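*Asks:* Below is the sequence, then the predicted model.
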Amino acid sequence: QQQVKQSPQSLIVQKGGISIINCAYENTAFDYFPWYQQFPGKGPALLIAIRPDVSEKKEGRFTISFNKSAKQFSLHIMDSQPGDSATYFCAASVEGTRGADGLTFGKGTHLIIQP
Amino acid sequence: ETGVTQSPTHLIKTRGQQVTLRCSSQSGHNTVSWYQQALGQGPQFIFQYYREEENGRGNFPPRFSGLQFPNYSSELNVNALELDDSALYLCASSRGLAGPSTDTQYFGPGTRLTVL
């Protein structure tokens, strides 16, 4: 059972455009929602994260939008740059387990920013 | 770059064999989590070690086992390898058990395991 569903699987955006990646979750106990960025040959790196008590969080060009009632959250990359080309993973966790359940990841989105 | 290192980088084994993967956590971190990332998939949580004890486990069979040492480095052992065990194995270290929102998990580059 996949608890975090991510779409699209791949995405091509022109330089300067907005990249949007969506995730939906099933487990209502999830209370922490990070996004990870992974470059080829590297491990995932935390990009930005949100808790369900806010509906939006912005850090630079990266914004998370969160809809608790719909159990959905999305990553927006504004003014997308070729250096943003990477695989992006959404994830979720239940903080109350003190990490014992780990992070649950989506399947990833391969983002290509065309110059 | 995180301070998490993993060895070896690549490994090829045959079905039925056993393998040991190693992870050195970032300085000051006492918690290590292991994940399996199959090709084209997101990482899947295997288990977590905190101060040499297993703190939690994902949906993986007992032939996946681990150790954490007093210096907080860790090993992942897989017995009776199967073809489906071919994947990138990632370890992530964190400061403690407050949960990922407080104790960010920093991932290493992974070990690519191929089972023939």
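*Replies:* Thanks, I have the structure now.
*Asks:* quick one: buried residues of stretch B:93-112?
*Replies:* B:93-95, B:97, B:99-101, B:103-112 (16 or more other Cβ atoms under 10 Å in any protein chain shown). Where you see a C-beta, it was placed from the backbone N, CA and C, and this is true even at glycine.
*Asks:* And the strands in the chain, which stretches?
*Replies:* No chain in the question, so chain A it is. Residue ranges of the strands in chain A, as given by DSSP state E, are A:4-7, A:10-14, A:19-25, A:33-38, A:45-50, A:56-59, A:62-67, A:72-77, A:86-92, A:104-105, A:109-114.
*Asks:* you looked at the wrong chain, it should be chain B
*Replies:* B:5-7, B:10-13, B:19-24, B:31-37, B:44-50, B:53-57, B:64-68, B:74-78, B:87-94, B:106-107, B:111-115.
*Asks:* Using CSV, lay out those strands together with distance to A:Leu47 and mean pLDDT.
*Replies:* Formatted as CSV, the entries for these read as follows, by distance: least, Cβ to Cβ, whole Å; pLDDT from 0 to 100:
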stretch, distance to A:Leu47, mean pLDDT
strand B:5-7, 21, 96
strand B:10-13, 27, 97
strand B:19-24, 22, 98
strand B:31-37, 17, 95
strand B:44-50, 19, 94
strand B:53-57, 24, 91
strand B:64-68, 27, 97
strand B:74-78, 25, 98
strand B:87-94, 15, 95
strand B:106-107, 12, 92
strand B:111-115, 23, 98
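*Asks:* Format those as a markdown table; extra columns: distance to A:Glu95.
*Replies:* Converted to a markdown table, these look like this (distance: least, Cβ to Cβ, whole Å):
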| stretch | distance to A:Glu95 |
| --- | --- |
| strand B:5-7 | 26 |
| strand B:10-13 | 34 |
| strand B:19-24 | 24 |
| strand B:31-37 | 14 |
| strand B:44-50 | 14 |
| strand B:53-57 | 13 |
| strand B:64-68 | 22 |
| strand B:74-78 | 22 |
| strand B:87-94 | 13 |
| strand B:106-107 | 18 |
| strand B:111-115 | 28 |
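*Asks:* need these in a markdown table with distance to chain A, can you?
*Replies:* Converted to a markdown table, the strands of chain B look like this (distance: least, Cβ to the nearest Cβ, whole Å):
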| stretch | distance to chain A |
| --- | --- |
| strand B:5-7 | 8 |
| strand B:10-13 | 11 |
| strand B:19-24 | 11 |
| strand B:31-37 | 6 |
| strand B:44-50 | 3 |
| strand B:53-57 | 3 |
| strand B:64-68 | 13 |
| strand B:74-78 | 14 |
| strand B:87-94 | 5 |
| strand B:106-107 | 3 |
| strand B:111-115 | 9 |
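*Asks:* Would you mind listing what in chain A touches chain B?
*Replies:* When proximity is defined as Cβ under 8 Å from any Cβ of the partner chain, chain A approaches chain B at A:4, A:6, A:32, A:34, A:36, A:41-46, A:49, A:51, A:89, A:91, A:93, A:95-108.
*Asks:* Alright, that wraps it up for me.
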